[in-house]
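**Q** Pasting a predicted model and its sequence here:
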Amino acid sequence: MTGLNIHIDISPDTYLKDPNSSELGKNILSNGIILIHELGFEAFTFKKLGAKIGSSESSIYRYFESKHMFLSYLTTWYWSWVEYKLIFSLNGIIEPTERLTKAIHIITETIVEDNQFSHINEVLLDQIIMEESSKIYYTKEVDQKNEQGYFTVYKRVVQRISELVMDIHPNFKFPHTLISTVIKGSHQQRFFAQHLPALTDILQSKENMSSFFIQLVLKTIEPHGK
C-alpha cells in the first residue's frame, strides 16, 4: 500500500490538540510508541517522553490530558488503520468466503511497517495493542468512554467482519462474539508465542496464525449438515 496519500482520521475526543497538525505532535506520537514499547505503559510518563524528545512535559499535555488518553489515541489510530486495510484489501473481491478469509487474515497476520505513515511504527504499535490496550477497556470509566466514542472504530471493524460472516451464514447467531474472540485470541496467541510458548502451537517463525483462525471461523459458521 505505497504510493497513496492516506490520512487516518481520529476522533477529537481522544486528544486536546491534533498531534498530526505539527512536527512536535508527530514527534510525540513516534517517540511515545517507542517509549511505551521499551518501558511498558505502567512505567511510561510524559516526563520521560518529554526528556526523550527534548521538550517540556507541559508541551505534551497540550496534546493529551493524560497518558491514558494517549493510549486511547494510539489504540484508535491502530484500529482505524486496520479498517483502512480491510476496505482497501477487500475492494474488488466479490466471493463471500474469499472476502471473509481475507478479512480474517488481515486481523490475524504478522504486522509489517506501513511506509505511508513515517511517524508511526506499526510493528511496535501492534505490540503495544497486544500487550497494553486492555488498560483502556478494563477500567471503571469504560462505559463513559464508550459513550464518548472511544471504541467506535474498534466496534466498526468487528461489525464489518461480522457482516461478512452473515453473508455466508445469515442465520449464524454469534457473529460479533466470534469476530471479537478471533481478534482477542490472535493477540493472546502471539503473546504466548513470544513469552509463554508452552501455551500455544503458534510459532513466531511460521505463518500459521491466520490459517488457524480462518479454519476456526469457517468451521464454526458452517451450517449443520455440511
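**A** Sure thing, it's come through. Bear in mind the structure is a predicted one, so any value in this text is a computation, not a measurement. Residues are numbered from 1 along each chain as shown.
**Q** what packs against the helix or strand hosting S89?
**A** Element membership for S89, per DSSP states H and E: helix 67-90. When contacts are defined as 3 or more CB pairs under 8 Å, 6 or more residues apart in numbering; DSSP states H and E, helix 67-90 sits against helix 23-39, helix 96-108, helix 122-132, helix 134-137, helix 152-168. (Each C-beta comes from the backbone N, C-alpha and C, glycine too.)
**Q** For the fourth one, what does the pLDDT average out to?
**A** Which is helix 134-137. Regarding helix 134-137, the rounded mean pLDDT is 84.
**Q** tell me what it is packed against?
**A** Secondary-structure packing of helix 134-137 (3+ CB pairs under 8 Å, 6+ apart): helix 67-90.
**Q** Return the helix it packs on as PDB; C-alpha atoms alone will do.
**A** Extracted in PDB, the C-alpha atoms of helix 67-90 (Å, rounded to 0.1, in the frame of the first residue of the first chain):
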ATOM      1  CA  LYS A  67      -1.200   9.000  29.300                       C
ATOM      2  CA  HIS A  68      -4.500   7.100  29.300                       C
ATOM      3  CA  MET A  69      -5.800   9.500  26.700                       C
ATOM      4  CA  PHE A  70      -2.600   9.000  24.700                       C
ATOM      5  CA  LEU A  71      -3.000   5.200  24.800                       C
ATOM      6  CA  SER A  72      -6.600   5.600  23.700                       C
ATOM      7  CA  TYR A  73      -5.500   7.700  20.800                       C
ATOM      8  CA  LEU A  74      -2.900   5.100  19.700                       C
ATOM      9  CA  THR A  75      -5.500   2.400  20.000                       C
ATOM     10  CA  THR A  76      -8.000   4.300  17.900                       C
ATOM     11  CA  TRP A  77      -5.300   5.000  15.300                       C
ATOM     12  CA  TYR A  78      -4.400   1.300  15.200                       C
ATOM     13  CA  TRP A  79      -8.000   0.200  14.600                       C
ATOM     14  CA  SER A  80      -8.600   3.000  12.000                       C
ATOM     15  CA  TRP A  81      -5.500   1.700  10.200                       C
ATOM     16  CA  VAL A  82      -6.800  -1.900  10.300                       C
ATOM     17  CA  GLU A  83     -10.200  -0.600   9.000                       C
ATOM     18  CA  TYR A  84      -8.400   1.100   6.100                       C
ATOM     19  CA  LYS A  85      -6.500  -2.100   5.300                       C
ATOM     20  CA  LEU A  86      -9.800  -4.000   5.300                       C
ATOM     21  CA  ILE A  87     -11.500  -1.600   2.900                       C
ATOM     22  CA  PHE A  88      -8.500  -1.400   0.600                       C
ATOM     23  CA  SER A  89      -7.900  -5.200   0.500                       C
ATOM     24  CA  LEU A  90     -11.500  -6.300   0.100                       C
END
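**Q** So which bits of it are buried?
**A** Using 16 or more other CB atoms under 10 Å as the test for burial, helix 67-90 gives 67, 69-86, 90.
**Q** How about stretch 98-110?
**A** Using 16+ other CB under 10 Å as the test for burial, stretch 98-110 gives 99-108.
**Q** For Q148, which non-adjacent residue is closest in space?
**A** Closest residue to Q148 apart from its sequence neighbours, by CB to CB, 6 or more residues apart in numbering: D13 at 5.0 Å.
**Q** Can you read off the pLDDT for the nearest residue to I214 once chain neighbours are set aside?
**A** Using CB to CB, 6+ apart and skipping the chain neighbours, the partner closest in space to I214 is I104 (4.9 Å). For I104, the pLDDT comes out at 97.
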